[in-house]
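Undergrad: predicted coordinates and the sequence they were generated for:
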Amino acid sequence: MENIFIKGTKRTPEISLKLNGFMSINGISIPEDATEFYRATMEWLDKYEKLDPENINLRINFVYINTTSTSMMLRILKKVFAVCSNKDNLKIVWTYETDDSDMFEQGKVLEKLVGHSFEFEQVNSLEDED
């Protein structure tokens, strides 16, 4: 099993999934087929679960996410929650632009649906985030 990196486009986010537990999703998510786009991520998480990881740090930086992508993000977040064997060592950081209350609220909704506290981080511009 290896780390995976999916380069972002104008319609899809950059995704980095590392065996050391550091993961990130950055950018815009408006793919033609969200299920197909996120398939590799879900498959990687299925394999990663077998390693019984104790620590996961997931950083999410969406500039925009559409409804179908939000549904897939919920599935991914629930999978990440299930994969991490030590819930005390599961850290999910939801980053949003200071003036983007919609993206903040989107994170709050997902936090509630997943049932695990997120850290919320305001930034001036997600375009500058790495």
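TA: Great, that's in hand. Owing to the predicted nature of the structure, the values given are computational and were not obtained by experimental measurement.

Undergrad: next, Glu97: phi, psi?
TA: phi -70, psi 140 (degrees, to the nearest 10).

Undergrad: burial of it, as a residue count?
TA: Glu97 is surrounded by 19 other residues when neighbours are defined as other Cβ atoms under 10 Å. Bear in mind the C-beta positions are built from the backbone N, C-alpha and C, glycine included.

Undergrad: I'd say it and Val123 touch.
TA: Yes - with contact defined as Cβ atoms under 8 Å, Glu97 reaches Val123; the gap is 6.2 Å.

Undergrad: name the residues that touch the longest helix anywhere in the chain?
TA: Scanning the chain for the helix with the most residues, using DSSP state H, yields helix 67-83. The set of residues external to helix 67-83 that reach it, using Cβ atoms under 8 Å, 6 or more residues apart in numbering, is 23, 25, 29-31, 34-35, 37-38, 41-42, 45-46, 48-49, 53, 56, 58, 60, 65, 87, 90, 92, 106, 110, 113-116.

Undergrad: equivalent analysis for stretch 32-44, please.
TA: When contacts are defined by Cβ under 8 Å, 6+ apart, stretch 32-44 is touched by residues 4, 6, 11-12, 15, 17, 29, 31, 66, 68-69, 71-73, 75-76, 79.

Undergrad: mind listing what's buried along the longest helix of the chain?
TA: If you call a residue buried by 16 or more other Cβ atoms under 10 Å, then helix 67-83 has these buried ones: Thr68, Ser69, Thr70, Met72, Met73, Ile76, Leu77, Lys79, Val80, Phe81, Val83.

Undergrad: right, I'll leave it there.
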